[in-house]
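A.B. asks: What follows is a predicted protein model with its sequence.
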Amino acid sequence: MWTQGKKTGVIISVLLVAGSLGYLALGNFGQNLVYFVTPSEVRALPPERTQQKVRVAGMVVKGSVKTQSDPVGLTFELTDGTATIPVVFRGIPPDLFKEGQGAVAEGHWRDGQTFYSSMIMAKHSEDYMPIELKRAGVELPKKDFMKTLSP
Amino acid sequence: MTSFYARWAALIVIALILSGLTYQHYQQNLASVTPEWIVKNNSSPTPSIRLEGMVKSGSLSGNLDEGQAEFQLVGDSANVAVHYNGSPPENLRELKTLIVVGQWDPAQQVFRAREIVLVTNYGFVVSAYLVAMIPLILLVFSMSRKVTSLFQVIKESKLYEPQAEFHVDSR
Amino acid sequence: MSLLPSINRFIRHIQRFKGWFGGAAALCLITGMYLGLITSPPDYYQGEIVRIMYVHVPLAHTALFGYTVLFVGSLWYLWKRDPLIDNMCHAAAGMSAAFTAVALVTGSIWAKPTWNTWWTWDPKLVSFAVLLMILAGYLMLRTMVEDPEQEGRYAAVLAIVGGLDLPIIYFAAEWWRTLHQPLSISLRGVSISGDILLPLSIMSIGFTLLFTYMLMIRTQMLYLVNLFDAKKGRLLSQVHLSKVGQ
């Protein structure tokens, strides 16, 4: 009933769907591939993992951001509520990077004490309001930031 | 078919009016000057202008909670000293590109800012709207035209009468 | 049981009013864009860039809504084997794919100035891109099978299996670690202030209506294409038979 070419096409399209779903089930959401680790997990990293690049996410500790001009960069601390790690970053941080907000840093955990990063992403929360409301001290209901780190 | 095109023409007119209104609304936000421009024209006071630059690292001081701040704004090759006095700034940080609104004071050689706003990024907003609307509207347009022409073809080819007699001249 | 045989008649009936859906969609989208671009205030943290949310979030919701239509329609087709429902499923898949692609691109444009990256392998983003892959596979399958009955059956099964992705996309930012922010409207409450929520809701309604309108046009288009092919085929077979009969 089918010509050979059509049959191959059907198999390809079925494989496309099955492969995509399989990738979701096994590749991305498996236990060994998480999008980021938390500061507590970074502190507990086994020595062999410190050679690899890792992403670490946390809240930028208020008052911890210090900038340098030569070379341009900054140091700050990331926390998940239980552990805090110092981060050294080279470059210009993204505009939404801010104390008291979330950030994801990509880099290496060295010597068991400092995280060296060359790429920062801002992790913003899900609340949106005009600046007048924010100044008036309005807080909209949102997920506790620390809970978004390790659900 | 004429009313079909008339409807689409009306939509395009409304879209043009909406983009005109939006452009007009943001026109005063589009212009900003650089620190280089201020340094070049530093002898005369300016009207209220928007100055865009990055807050120099290590230069920020003052009492932010009371809305007082002093910092250096850097461009590609020049620095401008800024004195800010206004409501507590939500988004002021070192190594961040910002727009300060205020006037240049030639006597003190400082820029007196009364407002600090984020970089507007209108390019991203405009491209997001265009990327969303143009393909969808073209898709609606082409599908409606296809339906209209299919109706026409089916009608004209007399295929629509289910029980039509059909004769083939065999010779 | 009286509802069941009438779904076909209901679709044919509502098709007559499709112009109203198109008009309402245009009205909502124009109002929403006026509110979103001109009267709504900038966000305290993101500034003007928050206006991208008014297109990105409704587009993504509508893409998921479109796949839900496809999922339910496929179940219905397997049960009732109604060719009109099959046409509707085919149309829903095509439109849902268009909305998914546009939502991905607008999301990428929003991500660059806020997160500082165009794309990242975040579970929410990956599962949404997988939705586009699934729909591409579905649409490919539909062009490959010759027999319409078989085509509809296979496609429906594929769509139902692919439906597994829907809850994954929706809850990805709640279940896993993502860069993407969690849901703004959930059991926790609404974390969007009124001035920003209003254009967002109007655009959401507008895009859902636009999807419905496009679904109606495309269902009609596929129905007419099938009808045209069938009539042409019948004519050809008559010619063929009369030749054979000689």
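C.D. replies: That came through fine. Numbers count the residues shown, from 1 in each chain, chains lettered A, B, ... in the order given.
A.B. asks: I'd like to know how many residues surround residue 10.
C.D. replies: Since you didn't name a chain, this refers to chain A. By other Cβ atoms under 10 Å in any protein chain shown, 19 other residues sit near A:V10. Glycine gets a C-beta too; all of them are placed from N, C-alpha and C.
A.B. asks: wait, chain C
C.D. replies: 10.
A.B. asks: before we move on, what about A:G22?
C.D. replies: A:G22 has 11 neighbouring residues, counting by other Cβ under 10 Å.
A.B. asks: Over to A:D70?
C.D. replies: Residues near A:D70, counting by other Cβ under 10 Å: 7.
A.B. asks: Which pLDDT does the model give it?
C.D. replies: Per-residue pLDDT puts A:D70 at 80.
A.B. asks: Pull up the gap between C:F10 and C:A91, please.
C.D. replies: To C:A91, C:F10 is 16 Å away according to Cβ to Cβ, to the nearest Å.
A.B. asks: Let me fix that, I meant to ask about B:L139.
C.D. replies: From B:L139 to C:A91 the distance is 12 Å (Cβ to Cβ).
A.B. asks: Spell out for me which residue occupies the centre of chain A.
C.D. replies: In chain A, the centroid-proximal residue (Cα atoms, centre = their mean) is A:V104; its distance is 3.8 Å.
A.B. asks: ok, it - contacts?
C.D. replies: Under the criterion of Cβ atoms under 8 Å, 6 or more residues apart in numbering or on different chains, the neighbours of A:V104 are A:F36, A:R55, A:V56, A:A57, A:I120, A:M121, A:A122, A:K123, C:L179.
A.B. asks: Just the closest of those residues to A:M146, please.
C.D. replies: A:A57 (10.7 Å; Cβ to Cβ).
A.B. asks: Check whether that closest one really touches A:Q101, as I assumed.
C.D. replies: No: A:A57 lies out of contact with A:Q101 (Cβ atoms under 8 Å); the separation is 11.4 Å.
A.B. asks: Is the residue lying closest to A:R90 once chain neighbours are set aside in a helix, a strand, or coil?
C.D. replies: In space, A:R90 comes closest to A:G73 once its chain neighbours are excluded; the distance is 4.3 Å by Cβ to Cβ, 6 or more residues apart in numbering or on different chains. Look at A:G73: counting by DSSP: H, G, I helix; E, B strand; the rest coil, its state is strand.
A.B. asks: Okay, and the beta partners of A:G73?
C.D. replies: Bridge pairing for A:G73 (DSSP bridges) gives the partners A:Q68, A:R90.
A.B. asks: Count the residues that sit near it.
C.D. replies: When neighbours are counted by other Cβ under 10 Å, A:G73 registers 19.
A.B. asks: tell me the contacts of B:L60?
C.D. replies: Per Cβ under 8 Å, 6+ apart, neighbours of B:L60: B:A69, B:E70, B:F71, B:L92, B:R93, B:E94.
A.B. asks: Show the backbone phi and psi for it.
C.D. replies: For B:L60, the backbone dihedrals (degrees, to the nearest 10) come out as phi -80, psi 120.
A.B. asks: measure it to chain C for me?
C.D. replies: Distance, B:L60 to chain C, by Cβ to the nearest Cβ, to the nearest Å: 19 Å.
A.B. asks: So for that residue, what's the pLDDT?
C.D. replies: Looking at B:L60, its pLDDT stands at 90.
A.B. asks: hang on, the earlier thing: higher neighbour count, B:L139 and C:A91?
C.D. replies: Taking other Cβ under 10 Å, B:L139 and C:A91 do not tie; C:A91 has more neighbours (25 against 17).
A.B. asks: What residues does that one make contact with?
C.D. replies: Per Cβ under 8 Å, 6+ apart, neighbours of C:A91: C:L215, C:R218, C:T219, C:M221, C:L222.
A.B. asks: Just the buried ones from these?
C.D. replies: Buried subset of the contacts of C:A91 (neighbour count, 16 or more other Cβ atoms under 10 Å in any protein chain shown): C:L215, C:R218, C:T219, C:M221, C:L222.
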